[in-house]
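Q: Just the structure for this:
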Amino acid sequence: MGTVRLTTAQALVRYLAAQQIEIDGNVESLFGCAFAIFGHGNVTCLGQQLYENQSVFPTWRGQNEQSMALAAVAYARAHKRRRIGIATSSVGPGAANMVTAAGVAHTNRLPLLLLCGDTFQSRLPDPVLQQTEHFANPSLTVNDAFKSVTRFWDRINAPSQLTVALPQAIATMLDPADCGPAMIALPQDVQGQAWDFPESFFEPKVHRIRRPQPEEVDLDAAVEALKTAKKPLIIAGGGVFYSGARDALVSFAEKHQIPVVETIAGRTLLPDDHPLNCGPIGATGSDSANHMCNDADLVLAIGTRLQDFTTGSWTLFRDPGMKLISINAGRFDANKHMAQSIIADAKDTIEPLDAKLGNWTTDAAWVEKGRAEKAAWTEIVNGRTAFVETTLPSYAQVVGKVNGLINEGDRVITAAGGLPAEINMNWQATYPYSLDVEFGFSCMGYEVAAGWGNKIARPDHESIVMVGDGSYLMMNSDIYSSVLTGHKMIVVVCDNGGFAVIRKLQTNTGNTAFNNQLEDCTTERDYDLPRVDFVSHAKGLGAHAEKVTSLGDFDAAFERAKAADRTYVLVVDIDDTKWSSCDAWWEVGLSEVSDDPNIIEARDNWEQGRVHQRRGV
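A: Sure, this is the predicted structure:
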């Protein structure tokens with residue numbers, strides 16, 4: 001067996017460049033792009049190797065380590081977890097900045113490869129710049145912080161370790177059950193050390209996403225339960241999207257006439273006007289979906305981790321005998337809340353389940369209830385989103401405008417704040433896969449960075465970012481990244497003067513408005529409230545920008561943004577008192593003891609809401 005003498009950095013990048021993946025019969029490079037901010041710990045060795053492999057995967061320069069890793073997360077989501085982005089940083093604060101992005105990838109089950117510079121394995125120059133010294137544990141560095149937010153973690157203390165670490169890291173990121181971020185710490189001295197690697201290690205390898213197969217006994221049990229159900233309901237989650245099971249889901253639901261509700265991650269799987277689409281589920285969902293959940297005697301949850309916003313903190317299911325069947329590639333998710341589990345791929349479970357059910361269909365009255373509920377909800381949404389000239393528009397009205405102006409293939413990206421709820425409740429899907437709503441980790445700052453990553457993944461379609469002023473101020477520098485690299489986005493900044501949705505939660509629970517809206521913040525002096533000029537700021541980052549002062553002008557402004565040669569920012573002032581709502585409960589921590597009657601009343605109402613909470617984990 002032949003060998004080749006390479007440094008750790010050379011071998012690392014050469015191995016990554018040799019990895020390929022088969023997607024719909026085509027073979028592409030597994031790693032489609034890298035994002036880098038160089039410093040000591042990743043520039044002298046790793047940086048040169050990334051430069052030499054630009055033809056395999058380009059390296060884009062970010063402005064903040066967290067945001068560039070978030071861009072890589074959105075890149076993976078846009079590719080349905082089948083292609084992966086790399087993010088690399090220097091030692092210390094650069095690495096620490098990426099911990100939040102790792103949390104987003106971990107929570108949302110998305111692949112991300114993090115390559116972080118580390119202190120010296122030899123320890124001879126200790127303490128080095130940016131080294132956080134732990135007196136009782138000298139081997140502990142900032143990179144150990146990633147252990148709580150990654151699926152795979154390793155530190156390369158010798159070049160030979162790459163032959164073990166890299167295959168395992170890639171296997172983790174491509175595993176449908178364990179999918180998530182992988183982090184590899186690279187001590188500065190080890191990056192330059194050489195070893196005689198086997199040449200076979202660098203041979204091109206074509207990966208395929210594994211599809212765990214269902215067991216016959218589990219399929220038979222599900223068929224028996226479905227055939228005895230009177231009011232079955234499907235919850236479609238993000239796993240349907242990643243499995244490529246959309247067509248199978250629609251066919252299954254239509255053949256057996258089972259109503260469908262969607263999670264936030266599963267939104268736009270069905271067109272809004274599909275007769276079996278009962279709307280989005282949960283605390284930020286729809287009355288139609290939630291009312292169907294109230295009555296369902298069997299719930300078939302497909303590819304969802306059933307988080308609290310989806311289940312209304314487990315209060316939506318009111319039938320005490322409701323049976324839960326969970327189809328999920330991940331054992332952990334499939335077994336939640338005493339579910340009857342099928343641990344398998346969504347597509348490869350739906351199809352044999354369909355065959356085993358034969359021509360069985362559910363009761364027509366149950367389907368008709370779903371249609372009536374959805375029709376009533378659609379009327380509500382149409383009323384909220386309708387254009388009415390007012391001093392300040394609502395979130396829902398802006399969502400309605402964007403909804404009507406996108407084309408097939410375009411994607412709207414948002415996260416955290418008030419927009420996820422407003423989009424989830426009010427979006428009327430015409431095109432599939434038109435939303436990326438990061439509401440698993442609910443990470444403020446995801447939006448602009450994700451818009452950049454999405455555009456890199458889908459260059460022929462519009463990447464439309466909807467972001468609140470609070471999130472914009474947290475992380476906006478990738479507007480410049482998109483201008484610098486030529487990845488045009490449309491960014492809609494909805495300015496409501498602060499963190500308005502958290503003030504809503506604050507005051508709705510009996511607390512005093514404090515420290516969320518700008519006017520409620522502590523200041524040292526009395527002066528006119530300063531407001532950010534987002535138009536001038538965006539122009540300063542190299543983008544085109546304009547203020548839309550009337551909703552009647554939004555269509556024309558959006559068309560200008562579409563026609564622009566680079567990123568275009570539209571700023572719209574939003575009424576911070578107008579919110580969409582639905583019939584659902586959500587658990588938040590409230591004080592058991594208080595002298596404030598408003599808090600006592602809120603606690604009493606909270607106790608009434610949890611009466612329906614389903615027990616079990």
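Q: What are the boundaries of the helices in the stretch 151-300 of the chain?
A: 162-174, 188-191, 216-228, 238-243, 246-256, 287-295 (DSSP state H, counting those that start in this stretch).
Q: so of the ones you listed, which one's packed in deepest?
A: Comparing those by mean neighbour count (mean count of other Cβ atoms under 10 Å), helix 238-243 comes out on top with a mean of 25. Bear in mind the C-beta positions are built from the backbone N, C-alpha and C, glycine included.
Q: before we move on, back to that, now render the helices of the stretch 151-300 of the chain as a markdown table, adding distance to Glu559 and mean pLDDT.
A: Formatted as a markdown table, the helices of the stretch 151-300 of the chain follow (distance: least, Cβ to Cβ, whole Å; pLDDT from 0 to 100):
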| stretch | distance to Glu559 | mean pLDDT |
| --- | --- | --- |
| helix 162-174 | 40 | 98 |
| helix 188-191 | 49 | 96 |
| helix 216-228 | 48 | 98 |
| helix 238-243 | 30 | 98 |
| helix 246-256 | 30 | 98 |
| helix 287-295 | 33 | 98 |
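Q: so which of those helices gets nearest Asn64?
A: Asn64 lies closest to helix 188-191 among the helices of the stretch 151-300 of the chain, at 22.1 Å (Cβ to Cβ).
Q: Residues touching the closest one, excluding its own?
A: With Cβ atoms under 8 Å, 6 or more residues apart in numbering as the test, helix 188-191 has contacts from 7-9, 40-42, 44-46, 91, 117-122, 128, 156-159.
Q: what comes up buried for stretch 193-201?
A: Within stretch 193-201, the residues that count as buried by 16 or more other Cβ atoms under 10 Å are Gln193, Trp195, Phe197, Phe201.
Q: how about a markdown table for the residues you listed, with distance to Ala365 and pLDDT added?
A: Shown next, in a markdown table, are those (distance: Cβ to Cβ, whole Å; pLDDT from 0 to 100):
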| residue | distance to Ala365 | pLDDT |
| --- | --- | --- |
| Gln193 | 71 | 98 |
| Trp195 | 70 | 98 |
| Phe197 | 67 | 98 |
| Phe201 | 62 | 98 |
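Q: re earlier: and the helices of the stretch 151-300 of the chain: which comes nearest Ile264?
A: That would be, of the helices of the stretch 151-300 of the chain and by Cβ to Cβ, helix 238-243, which comes in at 8.3 Å.
Q: Kindly give the local confidence score, pLDDT, for the closest residue to Glu28 other than its chain neighbours.
A: Once flanking residues are discounted, Glu28 sits nearest to Ile21: 6.0 Å by Cβ to Cβ, 6 or more residues apart in numbering. pLDDT recorded at Ile21 is 98.
Q: Run a quick check on Ile21 versus His79, I expect a contact.
A: No: the criterion here is Cβ atoms under 8 Å, and Ile21 misses it with His79 at 9.4 Å.
Q: More neighbours: which of these two?
A: A direct count of neighbours by other Cβ atoms under 10 Å for Ile21 and His79 places Ile21 higher, at 22 against 19.
Q: On the three-state scheme, that one is what?
A: Here Ile21 is strand, with the state taken from DSSP: H, G, I helix; E, B strand; the rest coil.
Q: So what's the residue count around Ala283?
A: Using other Cβ under 10 Å, Ala283 has 23 neighbouring residues.
Q: no no, Ala450
A: Residues contacting Ala450 under the criterion other Cβ under 10 Å number 32.
Q: Quick check: closest non-adjacent residue to it.
A: Closest to Ala450 by Cβ to Cβ, 6+ apart is Ala74, at 3.5 Å.
Q: right, and that neighbour touches Ile413 too?
A: Yes: with contact defined as Cβ under 8 Å, Ala74 counts as touching Ile413 (6.8 Å).
Q: overlap in contacts of the two?
A: Counting by Cβ under 8 Å, 6+ apart, the common neighbours of Ala74 and Ile413 are Asp436, Tyr446, Ala450, Gly451, Asn454.
Q: Can you pull the phi and psi angles for the third one?
A: Main-chain torsions, Ala450, degrees, to the nearest 10: phi -70, psi -40.
Q: which residues sit in contact with it?
A: With the criterion set at Cβ under 8 Å, 6+ apart, Ala450 makes contact with Leu70, Ala71, Val73, Ala74, Arg77, Ile413, Ala415, Asp436, Glu438, Val465.
Q: Would you mind listing the residues in contact with the fifth one?
A: Counting by Cβ under 8 Å, 6+ apart, Arg77 makes contact with Asn108, Leu110, Asp436, Ala450, Asn454.
Q: Among those, name the ones in strands.
A: Using DSSP state E, Asp436 are the members of those that sit in strands.
Q: So which of the contacts of Arg77 wins on neighbours?
A: Ala450 (32 neighbours).
Q: end to end, how far does stretch 562-571 reach?
A: Distance between the two ends of stretch 562-571: 15 Å, counting by Cα to Cα, to the nearest Å.
Q: sorry, that was for stretch 333-346
A: From its first residue to its last, stretch 333-346 covers 13 Å (Cα to Cα).
Q: what mean pLDDT does it have?
A: On average, the pLDDT along stretch 333-346 is 95.
Q: Flag every buried residue along it.
A: In terms of neighbour count (16+ other Cβ under 10 Å), stretch 333-346 has its buried residues at Asp333, Ala334, Lys336, His337, Ala339, Gln340, Ser341, Ile342, Ile343, Ala344, Asp345, Ala346.
Q: between these, which is closest to Arg318?
A: Checking these against Arg318 with Cβ to Cβ, the nearest one is His337 at 14.7 Å.
Q: Surely that closest one and Leu306 touch.
A: Yes: with contacts counted by Cβ under 8 Å, His337 reaches Leu306, the gap being 6.8 Å.
Q: mind showing which ranges of the chain have poor pLDDT?
A: Counting by pLDDT under 70, the chain shows low-confidence ranges at 616-617.
Q: How is it divided into domains?
A: By the record's domain assignment, the chain is partitioned as 3-207, 216-376, 386-573 (automatic domain parsing).
Q: for the residue positioned nearest the centre of the chain, what are its contacts?
A: Nearest to the geometric centre of the chain sits Glu438, at 3.4 Å (Cα atoms, centre = their mean). By Cβ under 8 Å, 6+ apart, the contact set of Glu438 is Val104, Asn108, Ile413, Thr414, Ala415, Ala416, Pro420, Tyr446, Glu447, Ala450.
Q: Using CSV, write down the CA coordinates of whichever strand or helix holds the third one.
A: Secondary structure assignment for Ile413, by DSSP states H and E: strand 411-415. C-alpha atoms of strand 411-415 as CSV (Å, rounded to 0.1, in the frame of the first residue of the first chain):
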residue,chain,number,x,y,z
ARG,A,411,-37.3,31.1,-0.3
VAL,A,412,-38.3,33.4,2.6
ILE,A,413,-36.0,33.2,5.6
THR,A,414,-36.7,34.3,9.2
ALA,A,415,-36.0,33.4,12.8
